[in-house]
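>>> The following comprises the amino acid sequence and a computationally predicted model.
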Amino acid sequence: MPHMGRIQGIQILRGIAASLVVLVHSQYGDNYNIATDLFSWDRLFEMGVDLFFVTSGFIMMLVSDPLTGRETSPHHFLVRRIQRIVPLYWFYTLLLTFGAVLVPSILRWTTLTPSLVLKSLFFVPSFHPVDGQLHPLLAQGWTLNYEMFFYLCFAVMIGLALGTRVIAMASLFVALWGLSLAVGQDTAFMAFLGNTIVFEFVAGMGLYWVYRRGWVVARAAIPAAIALPILIWLIGSGTAAPLAAGLDQLSLRCIVWGIPSLLAVYVVLALPEMSNPVARALSTLGDASYSLYLCHTFVVAVVVRIWRMLGHESSLAFGLLVILPCCIAVSLLSYRLIERPLIALTRRAAGILTPKPAGAGQ
């Protein structure tokens, strides 16, 4: 049986995924496009979200595996997921809410309403009142709406055998996607169900099933490692770019970036454990990846504003050398001073004193 504890490669990949999301958001509100400047590929770094979804499906299977996990009952699984996700998300959502009340000018891009705040806090999909997009008050929280929906569906199926669980989840998501197409996506919930990104959770689940059977081996990862940059190149700037754009317009993001993300996770699973300083640093970044994902928009807004006050324009070098390091530094503080204490507090309050399950980084 392969190593079933905390998997270093997954943690490293989570840190990289969060960093890619930071680079995407660091371009907003300015006159340059960091993805275009670097690769001439529009929205390349949004692959970070797809990496998160694939790894999430993998990790949920790991922590609920009857042989290795501790979250094998629906109740325990959901309680642990809520304790992991909700406290920090509520913290930053409420921080944004109170900041907008005290200094309304910081929230120029939205309208603060009680309905929006409540729906944001309780992961209810809704169209944003300003841009009409499907995201909550803290914009990056749209992915957490899908995470919580996935957790709920996963908890219902947690008693099934692993392989059956993958098939059942895939069947459910296909049925819900088909329903959204048949009914139409005029309502927020139907539009929510119509996003094929949820199939990336299933891909991660399936990859865990493959991994558990010992089928992730180095010799098989070599072709995947070779295919991954080639596929990204084709999608971004090669002959497959028009096809990728067409698939994306059809909401088939799970094909455009889901397949490269799946290959990336497969490759890191085949890597041996590393003890060098770079690997340890990236693994630590992976530990703080949730904090990085949630707090980075605050840091980006502050750093970019200061930079502009000094009379400078943003650039690719500024995003890579200033914004990203600042976001990482703040996220490490957030992880140690806010995220971990909040999780410990909620677990004590719930009377759950068991240690964090191995690999439960999501």
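Okay, I see it.
>>> Tell me who's in contact with Q83.
Going by Cβ atoms under 8 Å, 6 or more residues apart in numbering, Q83 touches I343, T346, R347, A350, I352. No exception for glycine: its C-beta is placed from N, CA and C like everyone else's.
>>> go again using 7 Å as the cut-off
The contact partners of Q83, taken as Cβ atoms under 7 Å, 6 or more residues apart in numbering, are I343, T346, R347, A350.
>>> and the residues you listed, which of them are in helices?
I343, T346, R347 (DSSP state H).
>>> Could you pull out the buried residues of stretch 313-323?
S314, S315, L316, F318, G319, L320, V322, I323 (16 or more other Cβ atoms under 10 Å).
>>> tell me the least confident of these?
Least confident of those in the model: L316, at 68.
>>> where does this structure have low pLDDT?
1-6, 28-44, 106-110, 217-220, 230-252, 316, 352-362 (pLDDT under 70).
>>> what helix or strand does the residue most central in space within the chain sit in?
The centre of the chain sits closest to F52, judged by Cα atoms, centre = their mean, with a distance of 3.5 Å. Using DSSP states H and E, F52 maps to helix 47-64.
>>> That helix: what's the following helix or strand?
helix 74-102.
>>> Next SSE downstream of that following helix?
Taking DSSP H and E as the definition, the helix or strand right after helix 74-102 is helix 114-121.
>>> Mind listing residues that contact that next one?
W90, T93, T97, S126, P129, P136, L137, L138, G141.
>>> Report all helices and strands that the helix or strand following it contacts.
Going down the chain from helix 114-121, the next helix or strand is helix 142-156, by DSSP H and E. With contacts taken as 3 or more Cβ pairs under 7 Å, 6 or more residues apart in numbering; DSSP states H and E, helix 142-156 sits against helix 47-64, helix 74-102.
>>> Can you get me a residue count around T93?
20 (other Cβ atoms under 10 Å).
>>> My error: substitute T346 in the last question.
Counted with other Cβ under 10 Å, residues neighbouring T346 total 16.
>>> Ok, the one 3 residues further on next?
Close neighbours of A349, defined as other Cβ under 10 Å, add up to 9.
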